[in-house]
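quick one, structure for this:
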Amino acid sequence: MRTNKQNNYYWKCIVKILSSELGYYPHEIHTLLKREFALGDTKDMNKREFNEYIEMIRIWSQTELGIILPTPEDIKK
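Next up, the predicted model:
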């Protein structure tokens, strides 16, 4: 299963930023992202699958929306 650290990063650095930038509630962004990028329920993803899911979202956000989302490494700095 994914880690709490991955989950916290997703909600604080992916969902929160996108919801703020796009004017949606966090749960709405989460639903949109799951619909577009997840092959199943995100709760059931293992660490590798969840990392791939996050990376697809980061690439889409930058290329399609022009929104650069921080990486987990950026957060550590």
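
when you work out contacts or count neighbours from here on, use the C-alpha atoms and nothing else.
Fine.

state the phi and psi torsions of R2.
Main-chain torsions, R2, degrees, to the nearest 10: phi -70, psi 160.

nope, G40 is what I meant
In this entry, G40 is assigned phi and psi values of phi -160, psi -160 (degrees, to the nearest 10).

give the contact list for I29.
Counting by C-alpha atoms under 8 Å, 6 or more residues apart in numbering, I29 touches 15, 18-19.

which residues sit against the longest helix along the chain?
Identified as the longest helix of the chain according to DSSP state H is helix 47-60. If you take C-alpha under 8 Å, 6+ apart as the criterion, helix 47-60 is touched by 1-3, 6, 10, 14, 33, 37-38, 42, 68-69.

ok, 7 Å please
With C-alpha atoms under 7 Å, 6 or more residues apart in numbering as the test, helix 47-60 has contacts from 1-3, 37-38, 69.

list only buried entries from the residues you listed.
Taking 16 or more other C-alpha atoms under 10 Å as the criterion, what is buried in the contacts of helix 47-60 is 2, 37-38, 69.

just for the chain, where's the confidence low?
Within the chain, the set of residues satisfying pLDDT under 70 comprises 77.

just the helices in it please.
Along the chain, counting by DSSP H, helices occupy 4-9, 16-22, 26-37, 47-60, 72-76.

distance to I59 for the contacts of helix 47-60 - can I get that in JSON lines?
Formatted as JSON lines, the contacts of helix 47-60 follow (distance: C-alpha to C-alpha, whole Å):
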{"residue": "M1", "distance to I59": "23"}
{"residue": "R2", "distance to I59": "20"}
{"residue": "T3", "distance to I59": "22"}
{"residue": "F37", "distance to I59": "11"}
{"residue": "A38", "distance to I59": "14"}
{"residue": "L69", "distance to I59": "9"}
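
which one among those gets closest to I75?
Checking the contacts of helix 47-60 against I75 by C-alpha to C-alpha gives L69 as the nearest, at 10.5 Å.
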